[in-house]
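Undergrad: Provided below are the primary sequence and the corresponding predicted coordinates.
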Amino acid sequence: MQPGRVRSLQQRSPFAIGFVGALGALIAYWLLTLVRQASGALLLIVVALFLAVGLSPLVDLLTRRRLRRGLAVTAVAVGLLGVVAIFAVAIVPVVRDQVSAMIEQAPGWFDRLRTNPVLLDLDQRFAIFDKLEAKLGEAGLASQVFGGALGVGRFLLGAVFNTVVIFALTLYFLAALPSMKRAGYSLAPASRRRRVEELTEVILAQTSGYVAGAFGVAITAGVCTTVFLTIVGLSEYAVALGVVVALLDFIPMIGATIGAVVVCLVGFATSISIGVACAIFFLIYQQVENYLVYPKIMARTVEIPGVVTIIAVLIGGALLGVVGALLAIPIAAALLFLLREVVVPRQQSA
């Protein structure tokens, strides 16, 4: 047998194939472990990049008015800090006082809820209230939830650190976004570079529009809730519950419903008439939001079928929680856009 033939058989031996396959599997597992260990940092980077894309139109607007990009990013940063400062000074004390009042009223609300016929029937079958009272009465409940004072301190420190990191990364991405896009475009073949640039710009525009639209929808929900609760007789909790509804409204699909349930529970605990009014209000408002407010705000940004939205949010939420649910819709819109603009025309011309 020829020497070359012997070497070829040795290279194709089961031992060599198994060794190479096992080595590849070990390297893949090692890389996956590294990605899992860095998942927290990668999530912060993704959120910062998402926010930078959303704020990019403001920076571009200032640069078009002959302001250097560095100064434009600084102006946007100062504006954001100003909004946060105004919110902290004007809104946070009110929310704090109203939340304290709600906590003081919680035992009375709990007793009133126990008289509700529907909840009373459920309690007779599942002993909901007894279990809840026993859990609330545990001395170590705070330690179990927050891990004690040390756990609360770590949580707050981590939240402040993550916020500072996201803010700094967002500013960096805002300043470097044009150079980052140019570097990305340079990796595409020269013959297709123009097309890649056009598609990328459309996707970035959709993402920034989605961020602005999500803020618009959430703020509209919070303001309408605050005004309604002030009119209906819950003015002492109106701002706090409005902020809760606005924050939860950022969560696609279920956020608005959770906010409505929270407000309705407070309304029913206060009085049956206020609870019924809250339920009617949210039933009507969510229809208006779903068919008028949301389409008007999102019409020029992301247009994806409802079933795709549901699937995308479920997958994103399962992978990355609330952040994944927020990122799922623009990512799904980008994939559908590429499917329409690239894959379908190529299949038709084949």
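TA: Looks like it came in fine.
Undergrad: Now do stretch 47-67: everything it contacts.
TA: Outside stretch 47-67, the residues that touch it by Cβ atoms under 8 Å, 6 or more residues apart in numbering are 69, 71-73, 75-76, 165-166, 169-170, 172-174, 177, 204, 207-208, 210-212, 323, 326-327, 330. The way it works is simple: take the backbone N, C-alpha and C, and place the C-beta from them, glycine included.
Undergrad: State the mean pLDDT of it.
TA: Averaging pLDDT along stretch 47-67 yields 88.
Undergrad: Okay, buried residues for that stretch please.
TA: Neighbour-count burial for stretch 47-67, counted by 16 or more other Cβ atoms under 10 Å, picks out 47-56, 58-59, 62-63.
Undergrad: Poorly predicted segments of the stretch 251-350 of the chain, please.
TA: For the stretch 251-350 of the chain, the stretches with pLDDT under 70 are 295-303, 306, 350.
Undergrad: Name the nearest of the buried residues of stretch 47-67 relative to residue 36.
TA: For the buried residues of stretch 47-67, the closest approach to residue 36 (Cβ to Cβ) belongs to residue 47, at 17.9 Å.
Undergrad: and that closest one, what helix or strand is that in?
TA: Assigned by DSSP states H and E, residue 47 belongs to helix 39-64.
Undergrad: could you say what helices and strands the helix or strand following that helix packs with?
TA: Downstream of helix 39-64, the first helix or strand assigned by DSSP H and E is helix 69-86. The helices and strands touching helix 69-86, judged by 3 or more Cβ pairs under 8 Å, 6 or more residues apart in numbering; DSSP states H and E, are helix 39-64, helix 148-186.
Undergrad: now the ones you listed in CSV, with distance to residue 289?
TA: Formatted as CSV, these follow (distance: least, Cβ to Cβ, whole Å):
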stretch, distance to residue 289
helix 39-64, 20
helix 148-186, 28
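Undergrad: Low-confidence ranges, the stretch 1-150 of the chain, go.
TA: Applying pLDDT under 70 to the stretch 1-150 of the chain flags residues 1-12, 90-92, 95, 98-99, 102-103, 105-107, 109-150.
Undergrad: ok, 80 please
TA: By pLDDT under 80, the weakly predicted segments of the stretch 1-150 of the chain are 1-20, 39, 84, 86-150.
Undergrad: was I right about residue 43 contacting residue 320?
TA: Yes - between residue 43 and residue 320 there is a contact under Cβ atoms under 8 Å: 6.7 Å.
Undergrad: Distance from the chain centre to stretch 268-278, please.
TA: The chain centre lies 30 Å from the centre of stretch 268-278; the measure is Cα atoms, centre = their mean, to the nearest Å.
Undergrad: mind listing what's buried in that stretch?
TA: Buried-residue list, stretch 268-278, by 16+ other Cβ under 10 Å: 268-270, 274-275, 277-278.
Undergrad: helix or strand for the closest residue to residue 188 other than its chain neighbours, which one?
TA: Excluding its sequence neighbours, the residue lying closest to residue 188 (Cβ to Cβ, 6 or more residues apart in numbering) is residue 196, at 4.3 Å. According to DSSP H and E, residue 196 maps onto helix 193-232.
Undergrad: And that helix, what does it pack against?
TA: For helix 193-232, the packing partners by 3+ Cβ pairs under 8 Å, 6+ apart are helix 39-64, helix 148-186, helix 238-248, helix 255-270, helix 272-288, helix 294-298, helix 306-338.
Undergrad: what about that helix, average pLDDT?
TA: For helix 193-232, mean pLDDT rounds to 88.
Undergrad: That one versus helix 255-270: what angle between them?
TA: Angle, helix 193-232 to helix 255-270, by axes from the mean of the first three to the mean of the last three Cα atoms, to 10 degrees: 10 degrees.
Undergrad: what comes up buried for helix 193-232?
TA: Judged by neighbour count (16+ other Cβ under 10 Å), helix 193-232 contains these buried residues: 199, 203-204, 206-214, 217-218, 220-222, 224-226, 228-229, 232.
Undergrad: State the distance from residue 159 to residue 169.
TA: In this view, residue 159 and residue 169 are 16 Å apart by Cβ to Cβ, to the nearest Å.
Undergrad: quick one: which of the helices and strands packed on helix 69-86 is nearest residue 94?
TA: Nearest of those to residue 94, taken as Cβ to Cβ: helix 148-186 at 21.1 Å.
Undergrad: Could you list every helix and strand in contact with the closest one?
TA: Applying 3+ Cβ pairs under 8 Å, 6+ apart, one finds that helix 148-186 contacts helix 39-64, helix 69-86, helix 141-146, helix 193-232.
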